[in-house]
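**Q** Provided below for reference: sequence and predicted model.
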Amino acid sequence: MKGGGTPYRKGVRAERKTLAYLESLGLQAYRTAGSHGAFDIIGLRQGMLLLIQVKTGQRHATRAQKTALANVPGPVSTMRYIFNWPAYAREPIREHIPYHQETEDCFPLYPSNV
């Protein structure tokens, strides 16, 4: 198979590479295998939540994928990224995706009423 296998297998390798990359930066990272949701990886560190969509090679996220990722609600500290892994890269190209909703729609990380 030319190019390292099927697109699915290539994507799984890129997701595992992302896990290793985030763990090397001191984050806890989890793969959302089989979810078919807006993001592939969840990263956690000291009250910060990262939601990451992983892409490989020359593939770029579509406008619909970026919008879906931008509209995922979460704590105020949530950051949304697209990580693109070009062939043979040691680090991903990172694209920050800002949250599209109003700040009131985000639930606080530490609710005051608890």
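**A** Right, received. Where do you want to start? Numbering: from 1, shown residues only.
**Q** any chance you could read off phi and psi for the residue most central in space within the chain?
**A** Computing the C-alpha centroid of the chain and ranking residues by C-alpha atoms, centre = their mean puts Ile52 first, at 0.3 Å. The phi/psi pair for Ile52 (degrees, to the nearest 10) reads phi -130, psi 130.
**Q** Distance of it relative to Phe83?
**A** 5 Å (C-beta to C-beta, to the nearest Å). In short, each C-beta sits where N, CA and C put it, glycine included.
**Q** Kindly report the same for Glu95.
**A** Noted for Glu95: a distance of 8 Å to Phe83, by C-beta to C-beta.
**Q** quick one, strands of the chain?
**A** 28-31, 41-45, 48-56, 78-85, 93-97 (DSSP state E).
**Q** Need the residues touching each of Ile52 and Phe83.
**A** Common neighbours of Ile52 and Phe83, using C-beta atoms under 8 Å, 6 or more residues apart in numbering, are 18, 41.
**Q** picking that back up, who's more crowded, Glu95 and Phe83?
**A** More crowded of Glu95 and Phe83, by other C-beta atoms under 10 Å: Phe83, with 23 against 16.
**Q** The more buried one pairs with what?
**A** Val54, Arg94 (DSSP bridges).
**Q** Would you confirm that it contacts Glu91?
**A** No. Using C-beta atoms under 8 Å, Phe83 is not in contact with Glu91, being 9.2 Å away.
**Q** Mean pLDDT per helix and strand in this structure: which one sits at the bottom?
**A** helix 63-70 (a mean of 89; mean pLDDT, DSSP states H and E).
**Q** Tell me which residues of that helix come out buried.
**A** 65-66, 68-69 (16 or more other C-beta atoms under 10 Å).
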